[in-house]
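Asks: Need a 3D model of the following:
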Amino acid sequence: MNKPELAAQVRYDSGKGVARKLRQNNRVPGIFYGPGTESVMISLDYPELERIMDQVSGENILLDLKLQSEQGAETKTVMLKDLQTDPVKDKFVHVDFYEIAMDRKITVRIPINLLNIPKGVTEGGVLQHIRRELTITCLPDKLISSLDIDVSDLEIGDSLHVSALELPEEITSVDEGHLTIAIIAAPAIKAEEEKEEELAELQEESAEEA
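Replies: Residues are numbered from 1 along each chain as shown. Purely as a prediction, here's the structure:
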C-alpha cells in the first residue's frame, strides 16, 4: 500500500502566540498521538501539506509521517483525524494525526455510493438513500475510501440492507445486518391512490355492517 510521505518537525513550545508565529512563517501547527503514545506537538510546511492534500481524497487518509526531533528522525504510519481550515482565508490552521499499527485492525466509517438507475425508478418509483455511511473493520492496508453499490436491479418495494452488501475480502461490517441502506418507494400519487382505495373499502364495509 503506497502512502504519501509528509515531513513534520517536533515542537516544544505551545500557546496561541507560538501557533500564530508558525502560521506567519508558512507552517501549520499540529499534534500527533496514538494508543500508548503521549501527544506530540508538531509543525508542518504549509506548501507540502497543501500538495499532499491535493493528491489525496475522501476520508480516512493514511500517511507516513516523518518526524524530526532533537533525538533524530523516525517515521510513523498515521491517519489524518482532523484538518482545521480558516473559513475566511480558506487556509489550513491546524492538523491532527493518529498513529496506527499496520498489523492491527482499525474501525472506520466510509461513504456508501449508489450506482446506476434502479429499475423501480424507471417505473416511477423513488430511490431513498437511507444510510449513507458504513462502519467497517480491517487492516490498514485493506482500507477502502468508499463502497460502491450497483442498485440497478432494485424494483419498487425493494429494500437493500447491510446484510446484503458484498464487501471486499478481509473487510467486515460492524453495522447490524438489518439496517436499511436504500429503498425504492412507490410513487407518491400511486401511494395516495392506494390509500384512498383502502379508505373507500373500509367505508363500504362499515356501510354494509350498518
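Asks: And the strands in the chain?
Replies: Counting by DSSP state E, the chain forms strands over residues 5-10, 27-34, 37-45, 62-69, 72-86, 91-99, 106-115, 126-129, 133-138, 147-150, 159-161, 172-173, 180-185, given from the N-terminal end onward.
Asks: Any chance of the ones you listed in CSV with distance to residue 54 and mean neighbour count as columns?
Replies: In short, each C-beta sits where N, CA and C put it, glycine included. Listed next are the strands of the chain as CSV, based on distance: least, C-beta to C-beta, whole Å; neighbours: other C-beta atoms under 10 Å:
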stretch, distance to residue 54, mean neighbour count
strand 5-10, 13, 18
strand 27-34, 15, 20
strand 37-45, 14, 16
strand 62-69, 14, 17
strand 72-86, 13, 14
strand 91-99, 12, 18
strand 106-115, 20, 15
strand 126-129, 29, 14
strand 133-138, 24, 18
strand 147-150, 23, 15
strand 159-161, 34, 18
strand 172-173, 31, 14
strand 180-185, 32, 19
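Asks: Of these, which is nearest residue 199?
Replies: With respect to residue 199, and counting by C-beta to C-beta, the nearest of these is strand 180-185 at 19.9 Å.
Asks: Tell me what angle that closest one forms with strand 133-138.
Replies: Here strand 180-185 points in a direction 150 degrees away from that of strand 133-138 (axes from the mean of the first three to the mean of the last three C-alpha atoms, to 10 degrees).
Asks: Dump the strands of the chain to a markdown table, plus mean pLDDT.
Replies: As requested, the strands of the chain are arranged in a markdown table below (pLDDT from 0 to 100):
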| stretch | mean pLDDT |
| --- | --- |
| strand 5-10 | 96 |
| strand 27-34 | 95 |
| strand 37-45 | 93 |
| strand 62-69 | 95 |
| strand 72-86 | 94 |
| strand 91-99 | 96 |
| strand 106-115 | 96 |
| strand 126-129 | 96 |
| strand 133-138 | 98 |
| strand 147-150 | 97 |
| strand 159-161 | 98 |
| strand 172-173 | 97 |
| strand 180-185 | 97 |
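Asks: Which parts of this structure belong to which domain?
Replies: If you go by automatic domain parsing, the domain ranges for the chain are 5-99, 106-193.
Asks: one step back: for residue 18, find the nearest of the strands of the chain.
Replies: Across the strands of the chain, the minimum distance to residue 18, taken as C-beta to C-beta, is reached by strand 27-34, at 7.4 Å.
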